[in-house]
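Student: need a 3D model of the sequence below.
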Amino acid sequence: MKTVSIDQINIHDRRFCISYPLYDGELLLSIQKIGIIQPIILLDTTPFLVVVGFRRLESAIRLGHSKISCIIDDINEKEALLYSIHDNVKRGLNIIEKAHGIEKMLHMGFSITEIHDTMVVLDLQPHEKVLNNLIAIAYAEKPLKDFIMSHRLSMQNIESLLSFDIGERKQIMELLSSMRVTESYMREILQMMRLVKIKEGQIDLNEIMGIKDIHGLKKELKKKTNPILSSLEEEFKAIIHKCALPPNIDIKVDPFFEKEYIDIRIKGKDQKEIEDAIEKLGRALKGGYIGSMFGLTKG
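Tutor: Residues are numbered from 1 along each chain as shown. Sure thing, here's the model as predicted:
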């Protein structure tokens with residue numbers, strides 16, 4: 001192990017860097033308190049090139065260090081990249097880092113077999129579709145990478161986002177960043193947006209950019225993807241509202257209004273509560289509200 005001046009290192013050459021994001025606040029605090037425990041690895045060139053330890057070097061620079069502990073190795077570039085990838089596997093790589101590693105392998109001329117073998121090590125399916133998605137992620141704009149990280153998107157949702165152009169992605173990310181969106185909601189929203197784009201040839205989000213609630217967003221997108229179904233849902237809600245039924249009566253129809261039955265459920269803690277519910281349900285029947293619900297179904 002040696003100690004070299006940071007001035008002897010080409011800090012701008014990141015051909016072996018797969019770390020994302022490069023800045024690590026916790027690491028910086030650790031180095032500030034106890035220093036660098038694990039030396040970085042440098043390629044024996046003039047100036048030196050970093051193989052492993054980009055985050056440690058970044059933290060050292062931010063802390064004003066002029067020197068850094070290192071191991072200097074004389075290996076070729078392909079070996080150096082593999083060293084960088086495999087050394088980082090033990091800490092657990094995020095999807096952006098995996099994409100960076102695979103893209104750099106492709107750029108350096110690794111064979112498809114070698115790339116597929118590394119994908120398996122990175123817990124990725126060695127398929128062409130996955131490889132193409134990884135390359136797209138690696139070349140994606142920084143805001144998209146940050147969005148993927150902050151929302152911990154699955155590969156399926158990342159693929160959906162990548163199907164939009166940069167301008168559309170910017171609007172989508174701006175819209176969804178203001179909401180608390182689960183993975184399943186994200187998948188549903190992106191799928192509906194893709195359907196809108198397929199149906200209309202483009203997607204104009206300007207009219208829904210002000211929506212702050214995920215359920216309101218789903219409602220507006222459903223109007224675009226399936227206006228007839230959306231209209232039926234609104235009519236059904238209006239009828240339910242007019243019935244003025246108590247909370248212990250729940251009436252549901254098939255989500256697609258295709259089944260010829262209505263599901264009516266009554267909850268009660270005693271006989272009187274059941275009797276009162278039946279009485280109010282009877283009023284809804286006499287008022288024609290239940291019949292109107294049947295009118296919305298296929299039957």
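Student: what lies in contact with the helix or strand bottoming out on mean pLDDT in the chain?
Tutor: One helix or strand of the chain scores below all others by mean pLDDT, DSSP states H and E: helix 227-243, with a mean of 83. Contact with helix 227-243 is made by 219, 222-223, 251, 253, 256-257, 284, 287, 289, 292-293, 296, as judged by CB atoms under 8 Å, 6 or more residues apart in numbering. Backbone N, C-alpha and C define where each C-beta goes, glycine included.
Student: do that again at 7 Å, thanks
Tutor: 222-223, 251, 253, 256-257, 284, 289, 292-293, 296 (CB atoms under 7 Å, 6 or more residues apart in numbering).
Student: among the residues you listed, which ones are buried?
Tutor: 222-223, 251, 253, 257, 284, 289, 292-293, 296 (16 or more other CB atoms under 10 Å).
Student: and Asn88, what's its pLDDT?
Tutor: Per-residue pLDDT puts Asn88 at 85.
Student: grab the nearest non-local neighbour of it.
Tutor: Take Asn88 and drop its neighbours on the chain: the residue closest to it by CB to CB, 6 or more residues apart in numbering is Ile18, 6.3 Å away.
Student: now the strands for the protein?
Tutor: Counting by DSSP state E, the chain has strands at residues 2-5, 40-43, 49-52, 67-73, 249-252, 263-266.
Student: output the longest one as CSV - backbone C-alpha positions only.
Tutor: Coordinates of each C-alpha in strand 67-73 appear next as CSV, following Å, rounded to 0.1, in the frame of the first residue of the first chain:
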residue,chain,number,x,y,z
LYS,A,67,-3.0,12.7,-0.3
ILE,A,68,-4.8,9.3,-0.3
SER,A,69,-3.9,5.7,0.5
CYS,A,70,-3.8,3.4,-2.5
ILE,A,71,-2.8,0.2,-4.2
ILE,A,72,-1.2,0.6,-7.6
ASP,A,73,-1.8,-2.2,-10.0
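Student: was I right about Met149 contacting Ile96?
Tutor: Yes: using CB atoms under 7 Å, Met149 is in contact with Ile96, at 6.5 Å.
Student: neighbour count winner among those two?
Tutor: Each of Met149 and Ile96 has its neighbours counted (other CB atoms under 10 Å); Ile96 has more, 22 against 14.
Student: state the distance from the closest residue to Pro126 other than its chain neighbours to Ala99.
Tutor: The shortest distance from Pro126 to any non-neighbouring residue, by CB to CB, 6+ apart, is to His116 (3.7 Å). His116 sits 15 Å away from Ala99, going by CB to CB, to the nearest Å.
Student: which of the two has more neighbours?
Tutor: Between His116 and Ala99, Ala99 has the larger neighbour count (other CB under 10 Å), namely 27 against 18.
Student: just give me the neighbour total for the nearest residue to Leu195 once chain neighbours are set aside.
Tutor: Spatial nearest neighbour of Leu195, chain neighbours left out: Thr225 (4.6 Å); criterion: CB to CB, 6+ apart. Around Thr225 sit 17 other residues, with neighbours defined as other CB under 10 Å.
Student: on that earlier part again, a markdown table please, covering the strands of the chain and showing mean pLDDT and distance to Arg14.
Tutor: Formatted as a markdown table, the strands of the chain follow (pLDDT from 0 to 100; distance: least, CB to CB, whole Å):
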| stretch | mean pLDDT | distance to Arg14 |
| --- | --- | --- |
| strand 2-5 | 95 | 18 |
| strand 40-43 | 96 | 12 |
| strand 49-52 | 97 | 7 |
| strand 67-73 | 96 | 16 |
| strand 249-252 | 91 | 56 |
| strand 263-266 | 92 | 60 |
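Student: phi, psi of Ser178?
Tutor: phi -90, psi 0 (degrees, to the nearest 10).
Student: how near is the residue nearest to it when sequence neighbours are not counted to His100?
Tutor: Leaving out its chain neighbours, the residue that sits closest to Ser178 by CB to CB, 6+ apart is Lys212, at 5.7 Å. Relative to His100, Lys212 is positioned 34 Å away (CB to CB).
Student: between those two, who's got more neighbours?
Tutor: In this view Lys212 and His100 are compared by other CB under 10 Å, and His100 has more residues nearby, 23 against 9.
Student: the more buried one against Pro21, yeah?
Tutor: No: His100 is beyond contact range of Pro21, at 11.4 Å (criterion: CB under 7 Å).
Student: measure Ser111 to Lys98 for me?
Tutor: Distance from Ser111 to Lys98, counting by CB to CB: 18 Å.
Student: more neighbours: these two, which one.
Tutor: Lys98 (24 against 10).
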